[in-house]
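Any chance you could fold what I've pasted below:
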Amino acid sequence: MAELRPCPSCARHVRSSDTTCPFCDAVVPAAETTTSTHVGRLGRAALFVAGTAIVAASATAAVGCGPDKPQPQPPPNNPNLNKPYGAPPADPIFV
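A predicted model of the protein is given here:
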């Protein structure tokens, strides 16, 4: 991608390699060689992801089933309840 800089006359962005502005035909001085680094570009996004991961990890640890919490029990076998669509048919011996 071409490096751009503002024109001193019209303030529109021109390529660093151009000697005249294509918009106002003003003379653009030679560009200084600068190196740009993208420090902190993803800082906000990375902070959001890290915060979300910490909250999710702490919520999972707080909700996890431990020995002091009762384990869920299977529902009682009630022949009056309809089985969900696609479930295997009830065995008539055990009903």
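
where does this structure dip in pLDDT?
Filtered on pLDDT under 70, the chain yields the residue ranges 1, 31-42, 60-72, 74-76, 78-83, 89-95.

That one: helices as residue ranges?
Assigned by DSSP state H, the helices in the chain fall at 43-63.

Quick one: the strands in it, in order.
All strands of the chain, identified by DSSP state E, fall at 4-6, 13-15.

so Val28 touches Thr20, yeah?
Yes - Val28 is within contact range of Thr20, at 6.2 Å (criterion: C-beta atoms under 8 Å). Where C-beta positions appear, they are placed from N, C-alpha and C, glycine not excepted.

Looking at these two, which one has more neighbours?
Legend: neighbour count by other C-beta atoms under 10 Å for Val28 and Thr20, higher for Val28 (20 against 12).

Please tell me how far Ala26 sits from Pro8.
7 Å (C-beta to C-beta, to the nearest Å).

Next: Asn77.
Distance, Asn77 to Pro8, using C-beta to C-beta: 85 Å.

So for those two, which sits in the more crowded spot?
The neighbour comparison of Asn77 against Pro8 (other C-beta under 10 Å) goes to Pro8, with 13 against 9.

Give the full set of residues in contact with that one.
Each residue near Pro8 by C-beta atoms under 8 Å, 6 or more residues apart in numbering is listed here: Ala26, Val28, Pro29.

Using a markdown table, lay out those residues together with distance to Ala2.
Supplementary listing: the contacts of Pro8 in a markdown table, determined by distance: C-beta to C-beta, whole Å:
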| residue | distance to Ala2 |
| --- | --- |
| Ala26 | 19 |
| Val28 | 14 |
| Pro29 | 17 |
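
Going by distance to Gly51, which of those residues wins?
Nearest to Gly51, judged by C-beta to C-beta, of the contacts of Pro8 is Val28 at 44.5 Å.

how much space between that closest one and Pro22?
10 Å.

tell me, what's touching those two both at once?
Common neighbours of Val28 and Pro22 (criterion: C-beta under 8 Å, 6+ apart): Val14.
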